[in-house]
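Trainee: show me how the following folds:
(2 chains)
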Amino acid sequence: MNIPYLTLIVFLPVLGMALVAAIPGTSHDAIRKMTLAVTIAHFALSLPLWWLYQSSGAPYQLIERRPWIEAFGIEYHLGVDGVTVLLVLLTTFLMPLAVLSSWRYIDQHVKEYHLLMLLLTTGMLGVFVALDLFVFYVFWELMLVPMYFIIGIWGGEQRVYAAVKFFLYTLVGGLLMLVGILVLYFYHHSVTGIYSYALADLLAIDVPLRIQLGLFLAFGLAFAIKVPMFPFHTWLPDAHVQAPTAGSVILAGVMLKMGIYGFYRLAIPLFPDAARMLLPWIATLAVIGILYGAMVALVQPNIKKLVAYSSVSHLGFVMLGLFAFNAVGVQGSVIQMINHGLSTGALFFICGMLYERRHTYEIESFGGLSSVMPVFATIFMIVTLSSIGLPGLNGFVGEFLILVGMFQTHPYMAGLATVGVILAAYYMLRMFGRVMFGPIDDELNRGLPDLGRRELAVLVPIVIVIVWIGVYPKPFLDRTAPSVERFVEHVAATDLLAVEESIDVEAPR
Amino acid sequence: MNPELQPLVDAYRLVDPSLGAIVPVVLVSLFSIVALVADLFELGTTRGPAEGEEGLPIMAPYLSILGVVLGLVAVGWQALRFEKVAGSYFNGMIVVDGFGLFLAAVILVGTLITLLVTVGYCRRENIQLAEYYYLILMSAVGMMLLVQSRNLVMIFAALELMSVGVYVLTGFRRRRVRAIEGALKYFVLGAFSTGFLVYGIALLYGLTGTFDLAAMGAAVGDGRASPLLLVGLALVLVGFGFKVGLVPFHMWSPDVYQAAPAPITGFMATGVKTAAFAALARFLMTSFDGLASHWIPVLWVLAVLTMFVGNVAAIRQDDIKRMLAYSSIAHAGYLVVALVADSALGNAAFVYYLAAYTLMTLGAFAVVVARGVSGDESTSISRDYGGVAYRHPMLGAAMALFMFSLIGIPPTAGFFGKFAVFSAAVDAGHVGLAVLMVIASVISAYYYLKVVVAMYMGAPEGEPARIEVPVMTTIALIATVVGVLALGIYPGVWIELARASVAGLQQVAGLP
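Mentor: Take a look at the predicted model:
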């Protein structure tokens, strides 16, 4: 029997929405418990993916493919590769924690909030598993709507501004990508006579460099805004700071990965020549992003903003690794995506916990918390060190591989990026020191309770994975290695092809 | 049988197939008259009550709803027997083809939703007059004839039939200054634009010797255009441009949309626009396809102007009816983009977009009507829509869906409509135009989101009263929500239908 496993994973949250919708809006706890149950069940359902995906097998597995809109050659086409598996699991892993973390924080319109969280999950997973560009686009835009509401309804003071800005930025990128998709689609038709949005079909044709450049820019803009790359990052601090804790976690943990994933899955493989040609520019922007993000983080008086800007810096690293175009760098980039999801997700959870206690994010208001909240201090320390990239924790693995990969191709870039690592250590540790150590100079901080059971349940799973990846990353690297190899080969192979073509043209008859 | 009746039977036999072609139109007109007459004989009716007096329910709403439903059934019946009924009747005055049938169905669905919303509205506003329904149905008849005619004289007559009804409906609340102002403005400018149209038709007739679009197409041919022919074409374009609200002929629409009763505004924004656009498309595709290189650049510019002026002006509006008026101007721009593509795909996208646009716009207007209270339509977005989503969650959710559909977010009808238009534009090589449409769409997102922001992120001003949604309006809302989602999630069936419907539009010369 053929179970549509990926469809189940993608749409289980929608089924869960029906369950949650059936509960009356006033019984808040029942809604929270039901959503938690759904998300845990969802994680359990997605866990077998780890084993079902054979890293030695076909490039894309668990494929589902059936016609959807035949007039346009659009198919409902899903599948996973090694990188997708990790990202799907990261998403389903973070969702129950996000629901747990908003147990107290969300006390208004509770039902709507949880319905939107579930819808958001479906949108994000759909983007990861789509192998048809139309399906990809549909999910890409679909996930925009719930996030817009989550920021706009449950966010901070400036929530409406942040939500609309987030929406418009993403929409402009997305729609330009749609035009790009259509140009590619009609180009594919003009070459092969077949109407198809299937990624595999579109990968099979050679696109002239002139068209590639335009399309790469259209796709790249959509993804660069999402990553976000400098200078398209300005929506991010607003969205992050205004979003409720769970919103920030999902935004940082999963949604920012969409941009990187878009480059990995679509923009670079579809337009490899353009990608190679624009590499110096993108790498430069990535390095600027690393340094700029780090320096702005350095002067932030607000913990959440600091973490938000550190995201800009970290994602610069991820971009840099991806554009190293060698196995080591890309591998590092993939691992770093997961790491960033875990450690920055955890940092946002921690910000939320501080906020729930003191209703402020100002570093100034804290100090000496380690003596009042020892357990909290320990976990915060681990997460901070992971974010900095201390050996033995996950961040180190990713950053190290990225720098090694980049050093082989662009040593100067790697050198500059290293400065970002040093700055990261400085601003993270300084923030940690000012919040956790020193004298307790504010009486309000004296009686703060340490982590409760619910909060431990949020943070401990993340810390376990952080240590696991840091100490023994092999299973994660093994999962993704074949996919990464194929990615690198594809980029390189088309290079040879292009060279051969040019020889063909120039050779005298 | 009485032998004296034999000549009548013979006469009937003579026109019989032609009658089959106009069954939907006849049904709707018949019921509009029945509704009016029933009112005359006071079948459960009362004349318009004095100010402040409670009017008794009248039969007209139900009769007119029945008429439109029967009209829809007749259109469906024609579609099922398409092979047999397709063709040209009454010397080309009426054609039965896919394009006409598809859009007649869209218009009837739009009329039906308008009527459903109107029932609750009229009860609330105490407008218990059968004339109101009669005028709506007669306008609908004009629209149906407009989409099903291939003769410029018929098109002109149908356009007037449609417009006169709408002029009166705009000023129906005659004790309000603004309603009178809007109606007069609409009438004077409408008459003025009709002048352009008639002058254009006269020139074209003089040059080609025919009113029939197909024959005109044959006369125009692919050759070089005489300057006078182009002048005629331009004048007709201006006439239609006014009716569909293309920039720079759009000035009337915000005032008129604001002045008319909310259900009528929805009717104007969808029905009138669909019918006039359909006639324009038929005119361009059937008669002037050969001279496409002349009108494509003109429409290209009009499309860009319309999209940008509509969307930018909408940003500043706080009155939701004015905002939707500018939004409908912007959507007219998107529709012109589909015409600029001048291809089978473009025409399919065009009719699909009209269907999608009708559903989502009427849905939005149904919410606007439902939000109003007696004597006050409550149309200020910032003041009246604050926290609506929490006062009536379903109403808020429906409005949010329509707004996202108007922006073009999947999986809604609006998204797939835009997708089809983008496809057509890119396919025809107008990538630049597609990119401009993208930018316009992003601008539009801002003001559609304003409504969502108010409903979900704003607080109600003062003591929030319960929002009462009449049963009929609820039915209309459910129908539009289901329609918007069905067209968005399963667009395949509809786009196939749209594609089939426009099959003969561009090479109609072969028809009898």
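Trainee: return the distance of the spatially most central residue of chain B relative to chain A.
Mentor: In chain B, the residue lying closest to the centroid (Cα atoms, centre = their mean) is residue B:271, at 2.0 Å. Per Cβ to the nearest Cβ, to the nearest Å, residue B:271 is found 27 Å from chain A. Every residue, glycine included, has its C-beta placed from N, CA and C.
Trainee: so that residue lies in a helix, does it not?
Mentor: Yes: the assignment for residue B:271 is a helix, going by DSSP: H, G, I helix; E, B strand; the rest coil.
Trainee: could you give the mean pLDDT of the one helix or strand residue A:460 maps to?
Mentor: Secondary structure from DSSP states H and E places residue A:460 in helix A:453-471. Averaging pLDDT along helix A:453-471 yields 89.
Trainee: which SS state does residue A:450 fall under?
Mentor: coil.
Trainee: neighbours around the closest residue in space to it that isn't next to it in sequence, how many?
Mentor: Leaving out its chain neighbours, the residue that sits closest to residue A:450 by Cβ to Cβ, 6 or more residues apart in numbering or on different chains is residue A:373, at 4.5 Å. Neighbour count for residue A:373, taken as other Cβ atoms under 10 Å in any protein chain shown: 21.
Trainee: run through the residues that contact residue A:373.
Mentor: Neighbour list for residue A:373: A:448, A:449, A:450, A:451 [criterion: Cβ atoms under 8 Å, 6 or more residues apart in numbering or on different chains].
Trainee: before we move on, what about residue B:292?
Mentor: By Cβ under 8 Å, 6+ apart, the contact list for residue B:292 reads B:284, B:342.
Trainee: chain A against chain B: which residues are in contact?
Mentor: Within reach of chain B by Cβ under 8 Å from any Cβ of the partner chain, chain A has these residues: A:68-72, A:109, A:137-138, A:141-142, A:144-145, A:148-149, A:152-153, A:159-160, A:163-164, A:167-168, A:171-172, A:175-176, A:178-179, A:182-183, A:185-186.
Trainee: are any of the residues you listed buried, and which?
Mentor: For the residues of chain A next to chain B, a burial check counting by 16 or more other Cβ atoms under 10 Å in any protein chain shown picks out A:68-69, A:71-72, A:109, A:137-138, A:141-142, A:144-145, A:148-149, A:152-153, A:159-160, A:163-164, A:167-168, A:171-172, A:175-176, A:178-179, A:182-183, A:185-186.
Trainee: out of those residues, which are inside strands?
Mentor: Judged by DSSP state E, strands contain the following of these: A:68, A:69.
Trainee: coming back round to it: give the buried subset of the contacts of residue A:373 as a PyMOL selection command.
Mentor: The buried residues among the contacts of residue A:373 can be selected in PyMOL (16+ other Cβ under 10 Å) with this line:
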select buried, chain A and resi 448+451
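Trainee: check the secondary structure at residue B:88 for me.
Mentor: strand.
Trainee: specify the beta-bridge partners of it.
Mentor: Per DSSP bridges, the residues bridged to residue B:88 are residue B:95.
Trainee: wait, it sits on residue B:150?
Mentor: Yes: Residue B:88 is within contact range of residue B:150, at 6.7 Å (criterion: Cβ atoms under 8 Å).
Trainee: which residues do the two both contact?
Mentor: B:94, B:95.
Trainee: so the two - more neighbours on which side?
Mentor: Neighbours per residue (other Cβ under 10 Å) separate residue B:88 from residue B:150, with residue B:150 holding more: 29 against 20.
Trainee: test my guess that the more buried one contacts residue B:90.
Mentor: No: judged on Cβ under 8 Å, residue B:150 makes no contact with residue B:90 at a distance of 10.3 Å.
Trainee: show the average pLDDT along stretch B:484-500.
Mentor: 88.
Trainee: what are the contacting residues of that stretch?
Mentor: A:68-72, B:98, B:102, B:344-345, B:348-349, B:351-352, B:355-356, B:359-360, B:363, B:401-402, B:405, B:410-417, B:420.
Trainee: got the end-to-end distance for that stretch?
Mentor: By Cα to Cα, to the nearest Å, the extent of stretch B:484-500 from end to end equals 21 Å.
Trainee: got the buried residues for that stretch?
Mentor: Within stretch B:484-500, the residues that count as buried by 16+ other Cβ under 10 Å are B:484, B:485, B:487, B:488, B:491, B:492, B:494, B:495, B:497, B:498, B:499.
Trainee: how about stretch A:31-42?
Mentor: Neighbour counts over stretch A:31-42 (16+ other Cβ under 10 Å) mark A:31, A:32, A:34, A:35, A:36, A:38, A:39, A:42 as buried.
Trainee: list the buried residues in stretch A:104-124.
Mentor: So stretch A:104-124, judged by 16+ other Cβ under 10 Å, has buried residues A:106, A:109-124.
Trainee: so which of these belong to strands?
Mentor: Within the buried residues of stretch A:104-124, no residue falls in strands by DSSP E.
Trainee: count of neighbours near the residue in the stretch 101-250 of chain B that chain A sits nearest to?
Mentor: As assessed by Cβ to the nearest Cβ, chain A sits closest to residue B:102 within the stretch 101-250 of chain B, at 15.0 Å. By other Cβ under 10 Å, 25 other residues sit near residue B:102.
Trainee: again with residue A:29
Mentor: Count around residue A:29 with other Cβ under 10 Å applied: 10.
Trainee: how much space separates it from residue A:111?
Mentor: According to Cβ to Cβ, to the nearest Å, residue A:29 and residue A:111 sit 12 Å apart.
Trainee: ditto for residue B:7
Mentor: Residue B:7 is 72 Å from residue A:111, by Cβ to Cβ.
Trainee: same question for residue B:445.
Mentor: Residue B:445 sits 26 Å away from residue A:111, going by Cβ to Cβ.
Trainee: repeat that for residue A:30.
Mentor: 10 Å.
Trainee: shared neighbours of the two, anything?
Mentor: Any residue near both residue A:30 and residue A:111 by Cβ under 8 Å, 6+ apart counts here, and that gives residue A:23.
Trainee: from memory residue B:421 sits against residue B:336, does it?
Mentor: No: counting by Cβ under 8 Å, residue B:421 does not reach residue B:336; the two are 9.7 Å apart.
Trainee: assumed the residue of the stretch 101-250 of chain B closest to chain A was part of a helix.
Mentor: Yes: according to three-state DSSP, the state of residue B:102 is that of a helix.
Trainee: show me the contacts for the nearest residue to it once chain neighbours are set aside.
Mentor: Nearest-residue entry for residue B:102: residue B:501, 3.9 Å, with adjacent residues in sequence omitted and distances by Cβ to Cβ, 6+ apart. By Cβ under 8 Å, 6+ apart, residue B:501 lies in contact with B:97, B:98, B:99, B:101, B:102, B:103, B:348, B:351.
Trainee: how about residue 369, what does it touch?
Mentor: The chain I'm using is chain A. Here residue A:369 is in contact with A:376, A:377, A:435, A:436, A:440, A:445, A:448 (Cβ under 8 Å, 6+ apart).
Trainee: ah, I was thinking of chain B
Mentor: For residue B:369, the contact set (Cβ under 8 Å, 6+ apart) comprises B:117, B:120, B:121, B:262, B:263, B:266, B:377, B:473.
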